[in-house]
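*Asks:* Next comes the sequence, and after it the predicted model I'd like to discuss.
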Amino acid sequence: MANHIDLLNQSVQYLKAVGPKKIKLLQKLKIFTVKDLIYYFPRRYEDRSCFQPINKALQGTFQTIKGRVLTSGTRRLNRGRTIFQLAIGDSTGVIYGTWFNQPYLKKIFRVNDEVILYGKIERYGNLQISSPEYEILSKDFEDTIHTGRIVPIYPLTNNISQRYLRMIIKYCLDEHLGSVVEFLPEEIILKHKFLPLIAGILNIHFPDNFKMLSRAKQRLIFDEFFLLQTALGLKRQKIKTQTNGIKYRIRGDLLLNFKKLLPFQLTKSQKNVIEEIEQDMHCDQPMNRLLQGDVGSGKTVVSLWALLICVQNGFQAALMVPTEILAQQHYQTIQTFTASLGVRIGILKSSLKKAEKEKILFEIKEHQIDIIIGTHSLIQKNICFKKLGLVIVDEQHKFGVLQRANLQQKGCCCDVLVMTATPIPRTLAITVYGAMDVSTINEMPPGRIPVKTYWITEKKRQDMYDFLTRKMKNKNQVYVVYPLVEESEVMDLKAATKMYEHFKDVIFRNFKIGLLHGKMKSVDKKLIMESFKKGNLDMLVSTVVIEVGIDVSNASIMLIEHAERFGLSQLHQLRGRVGRGGEQAYCILLCEGKTQDAVKRLNAMVKTNDGFKIAEYDLLIRGPGEFFGSKQHGLPELKIGNILADAKLLRSARKESFAYLQNRSLVHANTQQLISLELKNRFGQNKDLFLVR
């Protein structure tokens, strides 16, 4: 077994036709070893298996032609260029293959050679195929890999051709595929009627037919999901075996008094999630939970419940958020709820003066603060907690895995709760968020009226201005969001600063207008937000700095200019800033919708207010890789599986993985060792996946 692994892990430099220059190019494709090459899968396929008689070849179509070489020759053109031409004939006619600046081809083709050409049929007097893929047929016709079959098309980099990549992958498979060891338990293979692993790899690269290609994809996608789920399952088991967590007392006066202070009833979904959090915190294993819920579903009050459990038991809690504006808002909200409860709240942000910051750091160290709220500043090395028991990360997609881990490691066996307003189906959440338990708030507080969303184009601008004027006269506040702070010479986009001046001086000169963007000083941003919240401003012109968590109950209109420049989840987050005051709110998307993806995003926004459906649309449009951002989540990139398109296989692999982990002691030792080796080979370099929680 060790010899097989060594052969697969050896450098591709030892393969035929791979020299020093090619090694560097292959490394750009993340191909370093023989195994990397074997698992470098095609992105698509072309069916070149059907041969077209020459007299039936239609101009403008891609065809596969089989015939014999009648003549060949090279002509010199001006500026040292050359053209090599080949006359190919079958029983129905003649066609010419032409290649520019490839004179070496004259040595490859000989008269009477039987050849296959694949390319676009054109007519310049005679029928021609310009720069076609070619194959000279040997007696063993099955050896063709570029034509005459279903042909793999791989992702490339500069100076690496499809022909070359296919050729070295074929050499690699011929020489080393036998070193690939079957690791899936035999009962799983038989149960699901999977291809053997070697047959799966062979048919993913050079499929015999489309049915075999489909079976190969099934096998390899299942493998990828099974291994990922097993790695995450092992991580979960490791966490669950840690019995040195904090076992919190749940019942107490602080929580009882807090509950009495709430001016509203918790939803059934909020109560269910609170119960799950209480069970975690009462257990002597550290909590490691994801809380997901739509914009405005009430995640903040649930997180505050967890914070107060922590404080009630004599521990400190930290709440990390992505922006200072959101930190300030959380600080004010928590202060309002806990003012009469004797809970000591602090806020740490980069804009604090040195003396203020030093005072806060001292209070944290001496446990004179129970709950500290802050941005990335919380993970600085000079911040020491006396008794940190709980870490909550809000809008967790804004933080990397290591940032979350750095804050968590400031305590001993802290409970961890991370929150996201980008909700996704549970099966996907379990995969994407690794070894975390997942809680979902799936209902909105009663009385929340859905925001009406409209997509308009430039010709409706004046009508829209008239609508905003009427609303502001009725004391409704308006957000106007732009993708840029200042105008760009490169992109023809309106910008926040210029439009602020235009609105203030021309369009809405009778109203009070404010400006907010990320380049402003923190103190200025705070003043503007407070002024808007108090109702001293009718309109706030802003960039996406308001995307996350800003809550102004009287704001009922969100206008987003150049809406095509924003992602779908981002548009939904911005829409969530309005409609929190109990009256009808509106979201207006202003753009032309010039691209297909933009049209899909805008139509999705108009169609639904449901964050789960929005996330699914976004997944379909962008794909899981871009949607989740594997680096942020610490997950390895999937080579072939798609957690959305292949959700059925994902569920199946997860079920088999759980069964394997539950009954591992009954599985043959050799199978366990093979799976362990495969996990190490696949994820050994991915330290984020195995970070302590």
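*Replies:* Structure's in. What do you need? Residues are numbered from 1 along each chain as shown.

*Asks:* How about the contacts made by the nearest residue to Asn313 once chain neighbours are set aside?
*Replies:* Distances taken as CB to CB, 6 or more residues apart in numbering put Tyr248 closest to Asn313, at 4.8 Å, once the chain neighbours are dropped. All C-beta atoms are positioned from the backbone trio N, CA, C, and that covers glycine. Residues counted as contacts of Tyr248 (CB atoms under 8 Å, 6 or more residues apart in numbering) are Met281, His282, Ile309, Cys310, Gln312, Asn313, Gly389, Asp415.

*Asks:* Just give the closest residue to the second one, not the sequence neighbours.
*Replies:* The spatial neighbour of His282 that comes closest, neighbours along the chain excluded (CB to CB, 6+ apart), is Ile250 at 5.3 Å.

*Asks:* Next, the one you found: phi, psi?
*Replies:* In this entry, Ile250 is assigned phi and psi values of phi -90, psi -40 (degrees, to the nearest 10).

*Asks:* Now do the same contact list for it.
*Replies:* Glu278, Met281, His282, Ile309 are the contacts of Ile250 under CB under 8 Å, 6+ apart.

*Asks:* related to what we said a few turns ago, tell me which entries of the contacts of Tyr248 lie within strands.
*Replies:* In strands, judged by DSSP state E, the following of the contacts of Tyr248 are found: Gly389, Asp415.

*Asks:* any chance of the contacts of Tyr248 in JSON lines, with neighbour count too?
*Replies:* Formatted as JSON lines, these follow (neighbours: other CB atoms under 10 Å):
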{"residue": "Met281", "neighbour count": "25"}
{"residue": "His282", "neighbour count": "15"}
{"residue": "Ile309", "neighbour count": "27"}
{"residue": "Cys310", "neighbour count": "25"}
{"residue": "Gln312", "neighbour count": "21"}
{"residue": "Asn313", "neighbour count": "18"}
{"residue": "Gly389", "neighbour count": "25"}
{"residue": "Asp415", "neighbour count": "29"}
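
*Asks:* closest to Lys211 among the contacts of Tyr248?
*Replies:* Asp415 (50.6 Å; CB to CB).

*Asks:* Can you give me the separation between that closest one and Lys238?
*Replies:* Using CB to CB, to the nearest Å, Asp415 is found at 16 Å from Lys238.

*Asks:* and which of the contacts of Ile250 is nearest Ala17?
*Replies:* Using CB to CB, Met281 is the member of the contacts of Ile250 that lies nearest Ala17, at 60.2 Å.

*Asks:* Return the per-residue confidence for the residue nearest to that closest one when sequence neighbours are not counted.
*Replies:* In this structure, Met281 finds its nearest non-sequential neighbour in Tyr248, 4.3 Å apart by CB to CB, 6+ apart. Per-residue confidence (pLDDT) for Tyr248: 91.

*Asks:* so Tyr248, which of the three states?
*Replies:* Following DSSP: H, G, I helix; E, B strand; the rest coil, we place Tyr248 in the coil state.

*Asks:* among the helices and strands of this protein, which one scores worst on average pLDDT?
*Replies:* In the chain, no helix or strand scores lower on mean pLDDT, DSSP states H and E than helix 630-633, which sits at a mean of 47.

*Asks:* after that one, next one along is what?
*Replies:* helix 647-662 (DSSP states H and E).

*Asks:* Which elements pack onto that following helix?
*Replies:* Helix 647-662 is packed against helix 210-240, helix 426-432, with contacts defined by 3 or more CB pairs under 8 Å, 6 or more residues apart in numbering; DSSP states H and E.

*Asks:* Tabulate those helices in JSON lines, adding columns for distance to Ile65, mean pLDDT and mean neighbour count.
*Replies:* Formatted as JSON lines, the helices and strands packed on helix 647-662 follow (distance: least, CB to CB, whole Å; pLDDT from 0 to 100; neighbours: other CB atoms under 10 Å):
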{"stretch": "helix 210-240", "distance to Ile65": "22", "mean pLDDT": "90", "mean neighbour count": "20"}
{"stretch": "helix 426-432", "distance to Ile65": "46", "mean pLDDT": "65", "mean neighbour count": "19"}
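
*Asks:* List the contacts of Leu307.
*Replies:* Contacts of Leu307 by CB under 8 Å, 6+ apart are Ala317, Leu319, Ile334, Ile371, Leu390, Ile392.

*Asks:* In JSON lines: those, plus pLDDT.
*Replies:* JSON lines is the format used below for these (pLDDT from 0 to 100):
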{"residue": "Ala317", "pLDDT": "94"}
{"residue": "Leu319", "pLDDT": "94"}
{"residue": "Ile334", "pLDDT": "91"}
{"residue": "Ile371", "pLDDT": "95"}
{"residue": "Leu390", "pLDDT": "94"}
{"residue": "Ile392", "pLDDT": "93"}
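
*Asks:* quick one, strands of the stretch 301-450 of the chain?
*Replies:* Assigned by DSSP state E, counting those that start in this stretch, the stretch 301-450 of the chain shows strands spanning 316-320, 345-348, 371-374, 388-393, 415-420, 437-441.

*Asks:* Distance from the second one to the middle of the chain?
*Replies:* Yep, that's strand 345-348 we're talking about. Its chain's C-alpha centre and that of strand 345-348 lie 32 Å apart, by CA atoms, centre = their mean, to the nearest Å.

*Asks:* same deal with the fourth one?
*Replies:* Using CA atoms, centre = their mean, the distance from the centre of strand 388-393 to the centre of the chain it belongs to is 25 Å.

*Asks:* Also the last one?
*Replies:* Centre-to-centre, strand 437-441 and its host chain are 19 Å apart (CA atoms, centre = their mean).

*Asks:* elements contacting it?
*Replies:* Strand 437-441 sits against helix 268-282, strand 288-293, helix 426-432, with contacts defined as 3+ CB pairs under 8 Å, 6+ apart.

*Asks:* Can you name the next helix or strand after that strand?
*Replies:* Later in the chain than strand 437-441, the nearest helix or strand by DSSP H and E is strand 452-456.

*Asks:* next one: the strand of greatest length in the chain to chain centre, how far?
*Replies:* Longest strand in the chain by number of residues (criterion: DSSP E): strand 62-76. Distance of strand 62-76 from the chain centroid (CA atoms, centre = their mean) equals 47 Å.

*Asks:* Name the residues of it that are buried.
*Replies:* Going by neighbour count (16 or more other CB atoms under 10 Å), the buried part of strand 62-76 is Gln63, Thr64, Ile65, Lys66, Gly67, Val69, Ser72.

*Asks:* I'd like the mean pLDDT over stretch 191-198, please.
*Replies:* Per-residue scores along stretch 191-198 average to 96.

*Asks:* Return the distance of Ile373 relative to Lys299.
*Replies:* Distance from Ile373 to Lys299, by CB to CB: 15 Å.

*Asks:* quick one: which of the two has more around it?
*Replies:* Using other CB atoms under 10 Å as the criterion, Ile373 and Lys299 rank with Ile373 on top: 29 against 24.

*Asks:* Tell me the one of the contacts of Leu307 nearest Glu175?
*Replies:* Relative to Glu175, the closest of those is Ile392; by CB to CB it sits at 53.4 Å.

*Asks:* quick one, what contacts the closest one?
*Replies:* Here Ile392 is in contact with Ser303, Ala306, Leu307, Ala317, Ala318, Leu319, Met320, Val416, Leu417, Val418, Met419 (criterion: CB under 8 Å, 6+ apart).

*Asks:* Out of those residues, flag the one nearest to Gly447.
*Replies:* Nearest to Gly447 out of the contacts of Ile392 is Ser303 (CB to CB; 21.7 Å).

*Asks:* Find the nearest non-adjacent residue to the closest one, please.
*Replies:* Among residues not flanking Ser303 along the chain, Ile392 sits closest, at 5.3 Å (CB to CB, 6+ apart).

*Asks:* Across the sheet, point out what pairs with the one you found.
*Replies:* Per DSSP bridges, the residues bridged to Ile392 are Leu319, Leu417.

*Asks:* again, but for Leu516
*Replies:* Taking DSSP bridges as the rule, Leu516 bridges to Ser542.

*Asks:* burial measure for it, as a count.
*Replies:* Around Leu516 there are 25 other residues, counting by other CB under 10 Å.

*Asks:* before we move on, what about Leu390?
*Replies:* Neighbour count for Leu390, taken as other CB under 10 Å: 28.
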